[in-house]
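A.B. asks: mind folding the following:
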Amino acid sequence: MNENSKRKLKKTIGRPLKTDPAIIRYSVSLTEAENARFLALFDQSGMHVKAHFIKSCIFEKTVKTVQIDKGTVDFYMRLTSFHSQFRTVGVNYNQIIKLLYKNFSEKKASAYLFKLEKQTAEMAMLCRKIIELSEEFEGKYLENSAKNDSKNR
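C.D. replies: The predicted structure is shown next:
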């Protein structure tokens, strides 16, 4: 076999050759404390390959750090669940009013409706408190995230 036929075989078999392969390597030694700090930064970056993380740090590419606060996620999930339950109560409220006037006399239906109105007023107050707490939490969360962003830069 001549040399040209060998080259043709290499090009058709296996992985395609890169135009600019990364063949130069560097080695860095870290202390235990430096390694712990490096691993913490690597975890915060969300990247999956340490080499890519190091390259992005060296060449000053922006590295995004994402911190997930489990308490915030839990709060959000519970608030969403509560909101859906609150909507369900609103639907049931309309159905109850129709049933009251359909199945009872107007006097009896009005008495039950009066009791229902009291409970609804209490629920409305509770809803206002929840909205206030949510807004307060959101304000604090945005304030803390702004502080963390300024620290990371």
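A.B. asks: residue 89 - nearest residue in space that isn't next to it in sequence?
C.D. replies: Excluding the flanking residues, the one nearest residue 89 by Cβ to Cβ, 6 or more residues apart in numbering is residue 123, at 7.1 Å. Using the backbone N, CA and C atoms, a C-beta is placed for each residue, glycine as well.
A.B. asks: distance of the one you found relative to residue 86?
C.D. replies: 8 Å (Cβ to Cβ, to the nearest Å).
A.B. asks: repeat that for residue 47.
C.D. replies: Counting by Cβ to Cβ, the gap from residue 47 to residue 86 is 40 Å.
A.B. asks: these two - which one has more neighbours?
C.D. replies: The residue with more neighbours, out of residue 47 and residue 86, is residue 47; 16 against 13, by other Cβ atoms under 10 Å.
A.B. asks: so what's that one scoring on pLDDT?
C.D. replies: In this model, residue 47 is scored at 84, pLDDT.
A.B. asks: need phi/psi at it.
C.D. replies: phi -80, psi 160 (degrees, to the nearest 10).
A.B. asks: host element of the closest residue to it other than its chain neighbours?
C.D. replies: Spatial nearest neighbour of residue 47, excluding adjacent residues (Cβ to Cβ, 6+ apart): residue 53 at 4.5 Å. Applying DSSP states H and E as the criterion places residue 53 in helix 50-58.
A.B. asks: thank you kindly, that will do.
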